[in-house]
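**Student:** Just need the structure, nothing else, for what follows:
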Amino acid sequence: MSESTYKTEVTIKNPEGLHMRPAGLFVDLANTFSSEISVSHEDVSVDAKSFVQVMMLAATCGSRLKIQASGTDARQAAEALHALVECEFSDDSTAVSEKEG
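**Tutor:** Now for the predicted structure:
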């Protein structure tokens, strides 16, 4: 399988924004992929696999996140993270269940 880069953007709909629990879910999901993944908010870009760095984004409800993944599973990674944010970080997210299944 060849390496690729995939980018997507998503708006945080979760009323509390990207606080500890959603950030943990985001990082946990990112770490299930082999691709390098970054997430950006405004002018700050961080490693999506680092909880501390993701928390530094201080992204609130309505914030626009840019997700970029590079690697053999880049598209799957970016789409799964996009879906997780889109469903307001629901524990029963289809993004999480698709990756596990």
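**Student:** drop to CA atoms for contacts and neighbour counts, all remaining ones
**Tutor:** OK.
**Student:** Identify the residues contacting the spatially closest residue to residue 18 that is not a sequence neighbour.
**Tutor:** Nearest residue to residue 18, sequence neighbours excluded (Cα to Cα, 6 or more residues apart in numbering): residue 59, at 5.4 Å. Residues counted as contacts of residue 59 (Cα atoms under 8 Å, 6 or more residues apart in numbering) are 12, 17-18, 41.
**Student:** Mind telling me what element residue 59 is part of?
**Tutor:** Using DSSP states H and E, residue 59 sits in no helix or strand.
**Student:** hmm, back to that, just the contacts of residue 59 now: which is nearest residue 52?
**Tutor:** The closest of the contacts of residue 59 to residue 52 turns out to be residue 18 (Cα to Cα; 12.0 Å).
**Student:** Mind checking what secondary structure the residue positioned nearest the centre of the chain has?
**Tutor:** With distances taken as Cα atoms, centre = their mean, residue 81 lies nearest the centre of the chain, 3.7 Å away. At residue 81 the chain is in helix, as set by DSSP: H, G, I helix; E, B strand; the rest coil.
**Student:** Now intersect the contacts of residue 59 with the strands, please.
**Tutor:** Members of the contacts of residue 59 lying in strands (criterion: DSSP state E): residue 41.
**Student:** so which of the contacts of residue 59 is the most crowded?
**Tutor:** With neighbours defined as other Cα atoms under 10 Å, the most crowded of the contacts of residue 59 is residue 18; it has 26 neighbours.
**Student:** who's in contact with that one?
**Tutor:** 12, 55, 58-61.
**Student:** let's see it at 10 Å
**Tutor:** Contacts for residue 18 (Cα atoms under 10 Å, 6 or more residues apart in numbering) come out as 12, 24-26, 54-61, 63, 85, 88-89.
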